[in-house]
Every structure is written in structure tokens, then in C-alpha cells.
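Q: The sequence and its predicted three-dimensional model are supplied below.
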Protein chains: 2
Amino acid sequence: MSDSGQLVGDLGEQHLLRMVQRFCSNTLIGDDGAILSVSPGHLLVVTTDSFVDGVHFCDRTLSPFDVGWRVTAANLSDLAAMGANPLGITVSLTLPNDLPSAWVQGLYEGINACLTQYDTPLIGGDLCGGSLVTVAITALGETLPHRVIRRDFAQVGDAIVVTGYHGGSKAGLELLLDPQRGEVLTPRQRQRLINCHQHPRPRLDVLPELWKLDESLHLAGMDSSDGLGDAIAQICRASQVGAVINLARIPIPPGFSHWLEPETLWDWVFYGGEDFELVLCLAPALARSLVANLGPRAAIIGQITASPRILLQDAQGHILPQTLSLERSFQHYAPQGTGNRE
Amino acid sequence: MSDSGQLVGDLGEQHLLRMVQRFCSNTLIGDDGAILSVSPGHLLVVTTDSFVDGVHFCDRTLSPFDVGWRVTAANLSDLAAMGANPLGITVSLTLPNDLPSAWVQGLYEGINACLTQYDTPLIGGDLCGGSLVTVAITALGETLPHRVIRRDFAQVGDAIVVTGYHGGSKAGLELLLDPQRGEVLTPRQRQRLINCHQHPRPRLDVLPELWKLDESLHLAGMDSSDGLGDAIAQICRASQVGAVINLARIPIPPGFSHWLEPETLWDWVFYGGEDFELVLCLAPALARSLVANLGPRAAIIGQITASPRILLQDAQGHILPQTLSLERSFQHYAPQGTGNRE
């Protein structure tokens, strides 16, 4: 912690590299790169994602630790979305000279904390100067060929399963930006929503539950990093199918229904994004087993249909006038007879 | 090319993504990531490197095509340095809204041109907004366990082999920054040096020559991306050995000795950097075979010694007063009796 008052520019690259290398797995780092084994018969899965200061994070809502956690979680979530267990991540950082070196230390502590939770090594990276903090992560994972989860595998009649709550990350962000909001929430509800934003959890824990169901499972799915609505629409587009979604079956974060008007509630649930949950399509009987195994926060929220549209229905099974689409038409959603808006 | 007059901010992410995806290998791109096979029994090698506008490249010396070529070559060179054949690369871009979309198109054309030369697919990437152009590349390769090239494998008595010329990239940069320089160079020499800077070639072609020598070869080495002097010093430090380098045996780019005073010449050769050649340490008999196979641009320039110092000698075998070290003490080198400086 003796470096904490110093700036990146004062510290020098070699010192900064040594600070960062403390978080790396020594056994994997070779020289110009890292060396890994992929298990026999497994495929390698590679995902990459960049995060930019002021675009994907800001000091007002995320500490450096939180930034590190979130960028790591987002990349591990991409692996989960493909059905892959993580092998390691690399981190490329662009750092301004006037950034406190404690910020970099905090970032790596957050990266490390998230990686430790998922037993994943930091296998390398790169530091360079630049006027804007940019964090580019590449995550590597492995899976067996028949376990790959793809967007274009959804079949008519499949049940659509979601894990966890949606909208929590967006709600947490709003509470951080304006602490006056959400006065009807209990302190615990408020803290949980903030935690959804700061420390999201990639759903790698779901994968073993999937493999238990049936080794020859034909799974479609993706993560909900760009929103539940986007995930459903992407799967339907890639698989050339439609869906019917029952709003009453979607798990809603505790406190949402007291706090939010329906328009805001459904906007956050469908389009808030960054909840990093999974949206999966599989045969109804298997879906019921999966939901039973995952517990109350997972649910079957609808089914895949042959029609190209994504219809919404209310608790009584009535089809609502709005549909979901990639163009986010749902933004203007106002359910008939269920809301209190004029 | 209809997009060429537009700015990144006008084009929108979806349009830009489609433009970029034209360069990606469709068969490998899954959904949230790419899927690759690693050959049975092979290790996966992963390297990552970032490049920032104004730090690693600028409009004055590199077109967008050149930037794409160079960042790709640098990453493939890291794979060559580890003894790995490339499997694919990912590209994460940060792009300001006011960047012409033709710049992005040019960048990808350069990336693609370099990848095509080395039969390597672009397997994915990520685009995001930000005030500074940043290109973060992760390269994946594979190699057999006994073929991994490491910095810490050098043994006393090994011959030190360099491929290609050193100093050419730095010379090319200087010629681009000040076209008045180098008036003694022929047009062909000038163009070759500029080409060293704009379109360096990763030495993946050397790997099959190494594997021909001996399957149980114990090779030390790295690439010279940070300079020939740095590469020798890094290998010696990692292997806890020293070296004697004979200056007269180092291949010097055509035109250098007429153009440059010795101090500048050796500074560029040892510390210019970004030549992306290989520096390899191996048994003398094998080194002689390798150099014979690689042709006149490869050479044995010295040998590994038990002393911790890196000594330099002239054509007559006289040891010079300066040594090479990681701290770049060579910057102040002035060889006794060989130069024309006071």
C-alpha cells in the first residue's frame, strides 16, 4: 500500500508491472505469453469485451474494485453463455499518467476477487499509457462439443427459462446516481439492488445443473448482459422462431412492484441490462427439472413458437398489444389494464 | 466503400459491427464468443498487446492499413517468440465518434492482410466508444510441449542466433518523420527501411526450420519487439547467464553504415525496437545448421557465458568497454577506435 499516493506516471512501467504481476498465475505465465492446456476432446471458447471510463463505468457509482469485479464478471458471463468453464483471462489496460496507482491496485483486487470466486487464473496482460482508462479483457474457456450453448438452437415448443432477477443492475445504478430514489425500499432491498450493479455474478454455477439433465441436451441460450428483452429477441432471430412470454412468470427483484410504475418496471426488467443471468431454451420437461434444481429465482417464462413475433401475455394469459423486438419497441410499452399510467 | 465519408458516430454500432464482421471467420464465431479446436497433445499459447493512438502509432507515419498490419504482426510475433503457430486473434477497439469510418475499414484491411499472409483467422472482437483510439489484440496459438521457446532456457555454451536485420523499423520511422534524412540512401534502401516500420513480418516462417533441426531441441529465445539489446538482456536475466556479442557479426540493414555514425547505428540496432525478429539460443552445431537453412540474413552473433555480464567485442575479438544491460546503458555506447566520433 506504500504506492497508494502515487500516480501511474510517477511509478514507472516496471514498478507498475510488478504490482500487477502479483495477481497473475506464475505457473501459467511464460514469457511473451501464457501457456494453458485444454482438456482432451474439449473445444476452446474465446470471448472478448472492452470497458471504457465514462462509457461503461464512472467513479460516482463504482470503486476501482467494483470496476474490476464487473468487467471480470461480464467476461466470465460470456463463457457461461456459451456453456464453457473458464480457463483464464487476460487483461489489457490503458492508463493515464495522472491516474492514482491505488486505482490500478483496486482494479486488480476486484478482478482477483471475482476470479477467485470462480477458480479462474489471471494468465496475462498488458499495460500501456493513454489519456483514457480502458480495460480490455479476453476470457478463455473450454467445453465439450455437445455442450456448446448457441443462440440459433432454439426449437418450436422449447420452454424459455431465465435464471435470477432482471432489472436489478439498472435499479442499483439509479439508486447510486440518486440516493433520494427508492424511499419505499427496505435497506436490505436497496443494498441488494446496489450489489446487483456493483458485484454481478456470472452464472457459471448453472452449467453443472444443465449437464446433469441430459448429456445429449440441445440447448439454445445466451446471457442477458444487454437485457432480458435483447436476449430473447437475439435467440429468436438467430433461431428464426418467435416466442410467447408470460410477464407474470418473470422473477421481479424484491421491492420493484412497490417502488416502480409498470412502465419503468418492465423497461428495467427487459432493457436494464447487465444482470448477467442466463436465458435458456430447452424441452419443457427438462426445463421443469432445471427450474426445480435451481430454486425459486429461476423460472419458465414462456415458450418458443413458430410465429416470427415475440408476444407478451399477462397473468390471465391475455396477449398484450406490445411485442418484443431487437429495435427495443418495448421501450414504449404500456400494458392495457395492468398499469396505473394514463 | 459507400461508408467512407461517414464518421463512426454517424454510422451506428450495428452498421459498424456488420462492416467489421465481414473480416471475421464465420465458421469460428459462435455467439458470445468464438469456438476453436486445439490440436491433440498441444498446449494453448495466449498473448495480448494494446496499441494506443499517439503512443504506438500516429497518422504522420502510419495509414490505418499500416496500423492494422503492425498490431497484428506484433501479436503474431509474440506467438513466434514462444514457438507457437497461430490459431486466431481477437480485436477489441475503442473508437471516438468523430473518427472516419474509413479509418476503421482501413485498419481491418491491414489486420486482414497480415492475417492472410499467416493463414490466421480473425475470430472475434468488440467495439466500443471512447475518446481515444485503442486497439487491444489477443493472439492464440498452439505448440507441442517440447517446442515451447522460453527466455529462461539458455545454457552456457549456446550460440546466439538472430534472424533478419535490426534497426530497420526505427530507421523507417525516422525517415517518415523527416524525409530530409538519409540522403545517402538509394530509393530502394529507403523504401525497404520504411517498409520495416510499416509492414514488419513476424518470423513464424522460422519455426518449421527449428523443428527440422532436432525434435528434442531445448531452445531459449524471444522476439526483438523491444530491441535486440533488450531481448539479449531479458534472456540472460531469465536464464541467469551472460553473453559475449560480436558486433561485426550482427546483420546491419543495407545503407546503415554509409548513412549513420556508429553511435546512432548501434543505438538503433540494439534499442530501435519493433523489428519483430527472433533471438534464439541453441547448441552451436544446431545453430550453424539453422543459419545455413535461413540464409544470409540470419547469423550467429555470440555465445552464452557463465559470467553475468553481456560483453561486446569488435571484429578483431577485442572486448569493448561497454556492456549491454536491461537498463539500456548501451545508449551511451561509443566503441573505442571503431567510430569517428570525438
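A: Thanks, I have it. Residues are numbered from 1 along each chain as shown, chains lettered A, B, ... in the order given.

Q: Provide a list of residues in contact with the closest residue to chain B within the stretch 151-300 of chain A.
A: Of all residues in the stretch 151-300 of chain A, A:R151 sits closest to chain B, at 4.5 Å by CB to the nearest CB. (C-beta placed from N, C-alpha, C; glycine too.) By CB atoms under 8 Å, 6 or more residues apart in numbering or on different chains, the contact set of A:R151 is A:A220, A:G221, A:M222, A:Q234, A:I235, A:A238, A:S239, B:D31.

Q: Neighbour-wise, which one of the residues you listed leads?
A: Neighbour counts for the contacts of A:R151 (other CB atoms under 10 Å in any protein chain shown) peak at A:G221, which has 30 neighbours.

Q: returning to that earlier point: mark which of the contacts of A:R151 are part of helices, please.
A: A:Q234, A:I235, A:A238, A:S239 (DSSP state H).

Q: Quick check: buried residues in the helix or strand bottoming out on mean pLDDT in chain A?
A: Of all helical and strand segments in chain A, the minimum by mean pLDDT, DSSP states H and E falls on helix A:13-21, at a mean of 76. For helix A:13-21, a neighbour-count test (16 or more other CB atoms under 10 Å in any protein chain shown) marks A:L16, A:M19, A:V20 as buried.

Q: The first one: what's it in contact with?
A: Contact partners of A:L16, counting by CB under 8 Å, 6+ apart, are A:V8, A:L95, A:S101, A:V104, A:L127.

Q: correct me, but A:Q189 touches A:I252?
A: No - A:Q189 is beyond contact range of A:I252, at 11.8 Å (criterion: CB atoms under 8 Å).

Q: roughly how far apart are A:L76 and chain B?
A: Distance from A:L76 to chain B, counting by CB to the nearest CB, to the nearest Å: 11 Å.

Q: again with A:T120
A: Distance from A:T120 to chain B, by CB to the nearest CB: 13 Å.

Q: what does A:T48 give?
A: Separation of A:T48 from chain B (CB to the nearest CB) stands at 4 Å.

Q: Checking my notes, that residue in a helix, right?
A: No - applying DSSP: H, G, I helix; E, B strand; the rest coil, one finds A:T48 to be strand, outside a helix.

Q: That one bridge partners, please.
A: With beta bridges defined as DSSP bridges, A:T48 has these partners: A:T138.

Q: which residues does it contact?
A: Per CB under 8 Å, 6+ apart, neighbours of A:T48: A:75, A:136-139, B:33, B:90-92, B:124-126, B:138.

Q: What about the contacts of A:L16, which are in helices?
A: Within those, residues falling in helices by DSSP H are A:V8, A:S101, A:V104.

Q: closest to chain B among the residues you listed?
A: Among those, and counting by CB to the nearest CB, the member closest to chain B is A:V8, at 13.3 Å.

Q: What's the local residue count around the nearest residue to A:V38 once chain neighbours are set aside?
A: Spatial nearest neighbour of A:V38, excluding adjacent residues (CB to CB, 6 or more residues apart in numbering or on different chains): B:V38 at 4.5 Å. Per other CB under 10 Å, the neighbour tally for B:V38 reads 22.

Q: among the contacts of A:T48, which one has the lowest pLDDT?
A: Across the set of these, B:G33 stands lowest in pLDDT, at 78.

Q: is it true that it touches A:L44?
A: No - with contacts counted by CB under 8 Å, B:G33 stays clear of A:L44, the gap being 9.6 Å.

Q: Can you add distance to A:P208 and pLDDT and give the ones in helices among the contacts of A:R151 back as JSON lines?
A: Below are the ones in helices among the contacts of A:R151 laid out as JSON lines (distance: CB to CB, whole Å; pLDDT from 0 to 100):
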{"residue": "A:Q234", "distance to A:P208": "25", "pLDDT": "92"}
{"residue": "A:I235", "distance to A:P208": "22", "pLDDT": "95"}
{"residue": "A:A238", "distance to A:P208": "25", "pLDDT": "92"}
{"residue": "A:S239", "distance to A:P208": "25", "pLDDT": "94"}
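
Q: Distance check, A:T61 against A:L213.
A: Distance, A:T61 to A:L213, using CB to CB, to the nearest Å: 38 Å.

Q: A:L177 now?
A: Using CB to CB, we find A:L177 at a distance of 41 Å from A:L213.

Q: what does A:R181 give?
A: Separation of A:R181 from A:L213 (CB to CB): 41 Å.

Q: A:H199 now?
A: Looking at A:H199 against A:L213, where the rule is CB to CB, the gap reads 29 Å.

Q: Who's the closest spatial neighbour of the spatially most central residue of chain A, skipping the chain neighbours?
A: Centroid-nearest residue in chain A, with CA atoms, centre = their mean: A:F276, separated by 2.0 Å. Nearest residue to A:F276, sequence neighbours excluded (CB to CB, 6+ apart): A:S77, at 4.1 Å.

Q: quick one: contacts for that neighbour?
A: Taking CB under 8 Å, 6+ apart, we find A:S77 in contact with A:P200, A:P202, A:R203, A:D223, A:S225, A:F276.
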